[in-house]
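Q: Predicted model and sequence follow; I will ask about them next.
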Amino acid sequence: MSAEVVAIYPGSFDPLTNGHVDIIQRGAGLFDRIVVSILVNLEKAPLFTVPERVEIARTVFAGYANVEVDTFDGLLVDYARSRHASVIVRGLRAVSDFEYEMQMALMNRRLNPDVETVFMMPAEPYTYVSSRLVKEVVALGGSVTGIVPRVVEDRLRDKKLARETLRA
Ligand code: PNS
């Protein structure tokens, strides 16, 4: 077994929020390396393409030597094995997250008992923040300043403007 503890932080990150950033920073302080692993899910209709999401995360974490950004498809535990990761990090915001997260953690443990899921709580100001709500607020003209990284805010504005231009 490698001495280095590698953690995977998987998700859709459509878009990356400050809640995600907070968890990644905490993970970077706990593990030798944390890999932000963006799911390539062909079924969903995402707002940002996978290459856009990778670029955003790489921009935000450019100054972090032990944060890596990658993509994956297929089973998370297979990907974790391929990355020699022993930990899956997930953020827990509220009790409402718990049931789904517990199901995933126990299914992943059944599939690969060598990978441990570690839950972390984001800082209080982000406990209600989700990518879904961010998209909804932006689509309806609200501000998401302070709950997403600046680069995400800029990209959301560009996307909205592009859509409005196309419709005009
Ligand atoms: O951002 P999300 O939607 O909360 O992330 C969900 C994710 C990517 C962690 C989950 O859908 C996943 O792990 N997908 C990969 C397929 C897989 O391994 N499924 C079985 C999980 S029990």
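A: Done, it's in. Numbers count the residues shown, from 1 in each chain.
Q: Now residue 135: closest residue in space that isn't a chain neighbour?
A: Here the nearest residue to residue 135 in space, its sequence neighbours aside, is residue 47; by Cβ to Cβ, 6 or more residues apart in numbering that works out to 5.7 Å. (Each C-beta comes from the backbone N, C-alpha and C, glycine too.)
Q: What of residue 127?
A: Nearest-residue entry for residue 127: residue 93, 4.9 Å, with adjacent residues in sequence omitted and distances by Cβ to Cβ, 6+ apart.
Q: which residues are in contact with stretch 54-73?
A: Outside stretch 54-73, the residues that touch it by Cβ atoms under 8 Å, 6 or more residues apart in numbering are 10, 13, 15-16, 21, 24, 28, 31-41, 48, 50, 79, 83, 149, 151-152, 155.
Q: Among those residues, which are located in strands?
A: Secondary structure assignment by DSSP state E places 10, 33, 34, 35, 36, 37, 38, 39 of these in strands.
Q: out of the residues you listed, which touch the ligand?
A: Among the ones in strands among the contacts of stretch 54-73, the residues that sit close to the ligand (Cβ under 6 Å from any ligand atom) are 10, 39.
Q: Would you format the ones in strands among the contacts of stretch 54-73 as CSV with neighbour count, distance to residue 98 and pLDDT included?
A: Formatted as CSV, the ones in strands among the contacts of stretch 54-73 follow (neighbours: other Cβ atoms under 10 Å; distance: Cβ to Cβ, whole Å; pLDDT from 0 to 100):
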residue, neighbour count, distance to residue 98, pLDDT
10, 21, 18, 98
33, 18, 27, 98
34, 28, 22, 98
35, 24, 24, 98
36, 29, 23, 98
37, 25, 22, 98
38, 25, 24, 98
39, 19, 21, 97
